[in-house]
Every structure is written in C-alpha cells, then in structure tokens.
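J.: Predicted model and sequence follow; I will ask about them next.
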There are 2 protein chains.
Amino acid sequence: MVSDMRISYEELRTEFLRVLTATGFIGADAETLARTFADNSRDGVPSHGLNRFPGFIGDVKSGRVDLAARAQSVVALGAMEQWDGHRGPGVLNGLASMGRAIELAQQHTVGAVALRNTSHWMRAGTYGLHAADAGCIGICWTNTTKLMPPYGGLDKRLGNNPLVIAIPRPDGDHVLLDMAISQFSGGRTGTHKRSGEPFPVPGGYDADGELTTDAAAMERPLPIGHWKGSGLALCLDLMAALLSGGQTTTQVARKENEAGVSQVYLAFDLRRLGDAETIAETVHDTLSELVSGANAPGEQVSWPGQRSAGKRQDALRDGVVVEQEFWAEVLAL
Amino acid sequence: MVSDMRISYEELRTEFLRVLTATGFIGADAETLARTFADNSRDGVPSHGLNRFPGFIGDVKSGRVDLAARAQSVVALGAMEQWDGHRGPGVLNGLASMGRAIELAQQHTVGAVALRNTSHWMRAGTYGLHAADAGCIGICWTNTTKLMPPYGGLDKRLGNNPLVIAIPRPDGDHVLLDMAISQFSGGRTGTHKRSGEPFPVPGGYDADGELTTDAAAMERPLPIGHWKGSGLALCLDLMAALLSGGQTTTQVARKENEAGVSQVYLAFDLRRLGDAETIAETVHDTLSELVSGANAPGEQVSWPGQRSAGKRQDALRDGVVVEQEFWAEVLAL
C-alpha cells in the first residue's frame, strides 16, 4: 500500500541540501545534487529522486560512491574526450561529462565524451535535458550490471542500458526519450510490484518461461522488441566500454554493487546547424502531426517527455507528489 | 509459393553490373552498386538485394532516382557536415556520406554527416559495415514515409526509421545491428505474407485492434517495445531532419514515392580511442559471455550480425540463395 502526499519543490530541494551538506558535500556540488534529486521527483521519476536519495546517501557513507572524487578528462582527442569518473557521484560526473560534450559541440558541431568508472547516474533524462537546455540535441546512455537475458537465452547477460535522446524546444518542455532497453525499467517494475497493478503489456518471463504482465511473477525482463532490444543493449554496452576504455556489463557484473559503469555523452549544437525559427517550426509541425490522428480506445497519443513536462507543471503548481515513507526516511537522515 | 535456387556471387554481381551499365551507370559507381546489391543478397537480405534490384532500375528509368546526381557537402562545420543527396542513388549517397564521416572521425575521433534529400538506401547495414571495415564504430539511421501509428494511435504517423550500429571485429565478421523500429521490417513482412508463415511474436494490430502474428491480417505495424519504439522512431526522425536540414517523415509523406528522406551517419575512430588488441579482446569477451548461458527451449542465443555472417560464408561457398522469379526478372532486364 503506497501512501502519497505533496511537498513543495523548494521544501524537497532544501531538505535534500540539508542532508547532503551534513554528509559532506559543499557549495555548488551540494546545490546541484539537491536540485537534481528534487527535479527527478518533480518530473515524475521518484524512483531516481526522493525514493533513491537515502540509498545514495548510504552509498556515499559506505564509501561505495567516493564523495571527494570527480570525473576528469583523461585524453582529449579533438571533438571527443575520454573521461574517468573515479567512482565519484554519478550525477556530478554525468553533468560534467555532458557539459563538456556541449562545449565540444559548440566548437566542432558534434561533441562527445565517453566516461568510464562512474557510479549510478540516477535519472538518465537529466543529462539529455542538460544538453537541450543549452540548445543541443543530446544523446547519452549507460551500461549497467547484468539485468536481462539476451533473446533466446535463460541467463542474464545484458544490462538494460538506459538510452536518452533529447531534442530542444524553445519553451523548455523538451522532447525527451528516456528508456531502459528492458520493456520496463527497474524503477517501474518496483512500483508495479508494490502496487500489485499489472503491466499494460508483458514485461518479461515467469518461472515457466511464459510472458507475463505480473511484475511479482517476472523472473527475467524482456528486451524491447525481443531480439531487437537484445541486440541494441549489447551494442550500447560495447560502445560505452570501447569508447570510454571502461568496463563492459560482463566486467561490471564481476564486481559488487554495479561498480564502475561506462557511459557515452553526445551533443549536437543545433545553433550551428540551422536557423532557430525553422528548427522550432519543424519540431512543432512534427509533434502536432504526431497527435493529429485518431486515438486507440482509452489511449492518448503523446510525445516522449510530454507527460513528464505535465507532471513538472503540476508539481510546481500543487507540490511534488512523494511517497510518505520515503519522505519520512529523508527527514530522519 | 517461393522457389529458391543458388547462383554464384560473381554471376549475381556480374549480372547486376550488366543491367546497371545498360541503364547508364559507369565506372566505379556501376561497380559499387552491383557489388552492394550482390552483397545484400549474399548476406541474407534479398529484400534489399536481388528482389529490390528491378525496382531500383525502374526508379532510375522513371527519373524518380536521378542517375546523374550525387550527394555533395553543403556546409562543413568542423567534425560534422551537412550533405545534400539531390535525389541521387541512395546507395552511392550513403556510402559517400559514411565515407566522409569516417574521414572526419580519423581527424576528430568522432565524425558526422547528415544527409538530406536522398533516395532509398536499400540495406541499412551496408553503411555500418563500411565504417566497421575502416576500423570505426558506425551508427546511422534514415527516416522514411509514414508507416506505423504512434503508441496509442490508430493512424500512421511515424516512419519505421531503420537504425544501424556496427562494431568492428578483426576477422571482418563485424557486430551489426540493423533494425527497423517496427517489430518487423517491410521486407520481412513481405516474406511472411508470401509464405503464410506466422511471425514468431506479434508484429502489429489487425482490423479489430488486436495484436496478431499473421502478416496478412496486420493493418498497423507495432513499434518495438510499444511506447518505447514509438518514441525512438519520433526522435530518430526529428534528429535526421534537424541535423541535415532536410525533411521529416511528415514532410516526406506529403510527397509521392518516399522522395527526399533524411539520414545521419556517425563514425568513431577506434584506432584513436584505444589499443587494437584490448578492443578486440573486449569485444570477444563480451560476445563469448553473451552466448555462454543456457538457451531457451528451441532457441540459440546469437549476437547481431552473427547470422548474416554465417549466411555470407554459406553463400560464398555454395552460392547465393535467390528466389527464381526475381532472378528471371533481372535476367530479362
């Protein structure tokens, strides 16, 4: 049974800041982390906002995430750089990496940073939005430990390797695709397990090898599009490791606690690629056309990011929805 | 009823070359087109090899594809360039664009070409393999006309926007993901319609809005992963159009014959990013691990590109499998 309440965005952010400061974070880093965790809950991704915050603090206290370490450029190679995250906070590492990819894009039109040896980045969409806020198309992905079997297999060999594509819109409500390559992310699977609500489509296989919509009965997550997501997850993993000189899912899984994942950040500076008005019009025209057809019964076509933009507006107006237990846990930290 | 026979790769290529020369192609362009169509059939993609060849020749003869036009760089922007395909042959435009992306990657580590106004590129994987043969990771995609509805909708609004990721292996049997964002490509849907064989998983919706494995009953293709593929197809379309200054799916669909699609070609030069031996070992380790688990009953885990590499070896040994009707059609051209 989940019990919800609403907290103002400012109260949430300030409370995160209090705990982060008490944990040892200072200055802009503490502010950035507090804002990012608050943004994630505000946008309807509490699994990587409030609900995950106590775990993040625990990881810092246990030393699993190195409070003092920050990502650094290892090799600069023109429009691309390799960075090492030194197992520092994944959110700070990720924002710094996409920040550098944006700078490289401003110089070379396309810019890339491949980051190795980093810790969990929380909400993948954060880094896409960072690029879009700077007027760039942002693409990024991470590998993970082993979470799902490849198509045709029974044993977990692949990460669910979340992939993000962000396309800027002038009003700030960017197009934002943020998806795990499993049909349902770990966060959403957890929500369905707690609520007992069935998935709208099969999310994976049960103990008998049958596809199921029951999150609790699901033993192996299904890659999106069966063999297609299976292949995509593999390629995202290989690219993240090869481009960053970092670990593959196979190598991450040999260690405890998903330590030292590999990530790729790409930015394309749209300001160098076309006229701002034409670009905005093309995006507007495409999104308008997308939602112009008939809806299936009980459905409503939307574009990626549209619902989270709606939740953001709702949260800023009426307060951020929080699960009471997690809020109490943070207050007690 | 489909009737197969085998033709040697050389006979196939030579026959294509004869027809291409008779149609007006000369020199290296004729050679490249003949080789590419033959390669596509050889690798088990006849839908964009032999079976499509007569249609391509028809498009050239009707002027829908401009025999004399070739893609050209419009703006050079550092590590990225915008090209215009001038509705020339999609295969030649695509190879030139990926070729330039490879050169840019050799200079800037990452290189990108966005191509507008081009015609059908046949097998998407061709351009990924081109990058991998040069020691680069290659990523490319194209938009298309409207082929599938977005998640929750009944009317076609999205392209199936094939996406390719290629990762080089020293033996030339590269990792090659080549996938339409619909659960089944147009080519594979056609094969199932002709054979009557059901899809292994639902491929789309029938007239009653139910998911079906019957290709003939399918009225609307399903995006991979439902809302995820729907969002991915949208983002691939927007990126292709914005980065190239070209048309979106919406704009392509306003014209006849899928004229003037937009494409993106990305290359990452692995030789600048790490030691060749370590890279080869990482890929080998990952692929070995992928296939090391238990197989589901009746299944066999493989990596993307593994089966087409097997078909290639088989075809080079025993001849390329061709459908007799299409072969007869080409002989009569």
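T.: All right, it came through fine.
J.: Distance from the chain centre to stretch A:211-220, please.
T.: 23 Å (Cα atoms, centre = their mean, to the nearest Å).
J.: got the buried residues for that stretch?
T.: A:212-215, A:217-218, A:220 (16 or more other Cβ atoms under 10 Å in any protein chain shown). Every C-beta, even on glycine, is put in place using the N, C-alpha and C of the backbone.
J.: Looking at the residues you listed, which two lie furthest apart in space?
T.: A:Thr213 and A:Arg220 (14.2 Å; Cβ to Cβ).
J.: sorry, back to before: ok, so of the buried residues of stretch A:211-220, who is nearest chain B?
T.: A:Arg220 (9.6 Å; Cβ to the nearest Cβ).
J.: ok, for that closest one, nearest residue in space, not its chain neighbours?
T.: Spatial nearest neighbour of A:Arg220, chain neighbours left out: A:Tyr205 (4.6 Å); criterion: Cβ to Cβ, 6 or more residues apart in numbering or on different chains.
J.: ok, the one you found touching A:Met218?
T.: Yes: in this structure, A:Tyr205 is within contact of A:Met218 by Cβ atoms under 8 Å, at 7.0 Å.
J.: residues shared between the contacts of those two?
T.: Counting by Cβ atoms under 8 Å, 6 or more residues apart in numbering or on different chains, the shared contacts of A:Tyr205 and A:Met218 are A:Thr212.
J.: where does the residue of chain A most remote from its centre land in three-state SS?
T.: Centroid-distance maximum for chain A: A:Asp208 at 31.5 Å, with Cα atoms, centre = their mean. When classified by DSSP: H, G, I helix; E, B strand; the rest coil, A:Asp208 comes out as coil.
J.: A:Asp155 is in what secondary structure piece?
T.: Applying DSSP states H and E as the criterion places A:Asp155 outside every helix and strand.
J.: Apologies, that question was intended for A:Val113.
T.: strand A:110-118.
J.: The strand or helix carrying A:Ser73 pairs with which strands, and in what direction?
T.: Using DSSP H and E, A:Ser73 falls within strand A:72-77. When pairing is defined by DSSP bridges, strand A:72-77 lines up against strand A:80-84 (antiparallel).
J.: Show residues contacting the strand it pairs with.
T.: Counting by Cβ under 8 Å, 6+ apart, A:71-75, A:93, A:96-97, A:100, A:104, A:111-117, A:243-245, B:108-110, B:268, B:273 sit against strand A:80-84.
J.: Could you pull up the mean pLDDT of that strand?
T.: Average pLDDT, strand A:80-84: 98.
J.: So what's the gap between it and the chain middle?
T.: Distance, stretch centre to chain centre, for strand A:80-84: 20 Å (Cα atoms, centre = their mean).
J.: The helix or strand just after it - contacts with which helices or strands?
T.: Helices and strands here follow DSSP H and E; after strand A:80-84, the next one along the chain is helix A:90-108. Applying 3 or more Cβ pairs under 8 Å, 6 or more residues apart in numbering or on different chains; DSSP states H and E, we find helix A:90-108 packed against helix A:27-42, strand A:80-84, strand A:110-118, helix A:125-133, strand A:136-142, strand A:261-269.
J.: try 7 Å
T.: For helix A:90-108, the contact count by 3 or more Cβ pairs under 7 Å, 6 or more residues apart in numbering or on different chains; DSSP states H and E identifies helix A:27-42, strand A:110-118, helix A:125-133, strand A:136-142, strand A:261-269 as packing neighbours.
J.: now those in TSV, with mean pLDDT?
T.: Formatted as TSV, the helices and strands packed on helix A:90-108 follow (pLDDT from 0 to 100):
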stretch	mean pLDDT
helix A:27-42	98
strand A:110-118	98
helix A:125-133	98
strand A:136-142	98
strand A:261-269	98
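J.: and these as a markdown table, adding distance to chain B?
T.: Shown next, in a markdown table, are these (distance: least, Cβ to the nearest Cβ, whole Å):
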| stretch | distance to chain B |
| --- | --- |
| helix A:27-42 | 19 |
| strand A:110-118 | 5 |
| helix A:125-133 | 10 |
| strand A:136-142 | 6 |
| strand A:261-269 | 6 |
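J.: Let's check: the centremost residue of chain A is which one?
T.: Central residue of chain A (Cα atoms, centre = their mean): A:Ala124, at 1.3 Å.
J.: Mind checking what helix or strand follows the helix or strand that contains A:Ala166 in sequence?
T.: Using DSSP H and E, A:Ala166 sits in strand A:163-167. For strand A:163-167, the following helix or strand on the C-terminal side (DSSP H and E) is strand A:175-179.
J.: Can you show me the helices along the stretch 201-333 of chain A?
T.: For the stretch 201-333 of chain A, the helices defined by DSSP state H, counting those that start in this stretch occupy A:227-244, A:249-253, A:276-290, A:306-318, A:324-331.
J.: does the shortest one come close to chain B?
T.: Translated: helix A:249-253. Yes: judged by Cβ under 7 Å from any Cβ of the partner chain, helix A:249-253 comes into contact with chain B at A:Thr250.
J.: so who does A:Arg35 touch?
T.: When contacts are counted by Cβ atoms under 7 Å, 6 or more residues apart in numbering or on different chains, A:Arg35 is found next to A:Arg13.
J.: Please repeat the previous calculation with a cut-off of 10 Å.
T.: Contact analysis of A:Arg35 by Cβ atoms under 10 Å, 6 or more residues apart in numbering or on different chains lists A:9, A:13, A:16-17, A:42, A:91.
J.: List only buried entries from those.
T.: Using 16+ other Cβ under 10 Å as the burial test, the contacts of A:Arg35 include A:9, A:13, A:16-17, A:42, A:91 as buried.
J.: Could you dump those into JSON lines with distance to B:Pro149 added?
T.: As requested, these are exported to JSON lines (distance: Cβ to Cβ, whole Å):
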{"residue": "A:Tyr9", "distance to B:Pro149": "36"}
{"residue": "A:Arg13", "distance to B:Pro149": "40"}
{"residue": "A:Phe16", "distance to B:Pro149": "41"}
{"residue": "A:Leu17", "distance to B:Pro149": "45"}
{"residue": "A:Arg42", "distance to B:Pro149": "31"}
{"residue": "A:Val91", "distance to B:Pro149": "36"}
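J.: Out of those residues, which is nearest to chain B?
T.: Of the buried ones among the contacts of A:Arg35, the one sitting nearest to chain B (Cβ to the nearest Cβ) turns out to be A:Arg42, at 20.7 Å.
J.: Retrieve the pLDDT associated with the closest residue to that closest one other than its chain neighbours.
T.: The shortest distance from A:Arg42 to any non-neighbouring residue, by Cβ to Cβ, 6+ apart, is to A:Ala315 (4.4 Å). pLDDT, A:Ala315: 97.
J.: Low-confidence ranges, the stretch 201-333 of chain A, go.
T.: Judged by pLDDT under 70, the stretch 201-333 of chain A has no weakly predicted residues.
J.: Could you pull up the residues touching the closest residue to A:Gly94 other than its chain neighbours?
T.: Among residues not flanking A:Gly94 along the chain, A:Trp121 sits closest, at 4.3 Å (Cβ to Cβ, 6+ apart). Shown in contact with A:Trp121 (Cβ under 10 Å, 6+ apart): A:36, A:48, A:85, A:89-95, A:97, A:115, A:127, A:140, A:142, A:162, A:164, A:261, A:263.
J.: re earlier: could you list the residues in contact with the strand holding A:Ser73?
T.: A:81-86, A:88, A:93, A:96-97, A:100, A:104, A:112-117, A:244-245, B:108-110, B:269, B:272-274.
J.: run the last query once more with 6 Å
T.: Surrounding strand A:72-77, the residues in contact under the criterion Cβ atoms under 6 Å, 6 or more residues apart in numbering or on different chains are A:81-84, B:109, B:272.
J.: Could you give the number of residues near the residue nearest to A:Gln251 when sequence neighbours are not counted?
T.: Closest residue to A:Gln251 apart from its sequence neighbours, by Cβ to Cβ, 6+ apart: A:Ala241 at 7.5 Å. Using other Cβ atoms under 10 Å in any protein chain shown, A:Ala241 has 28 neighbouring residues.
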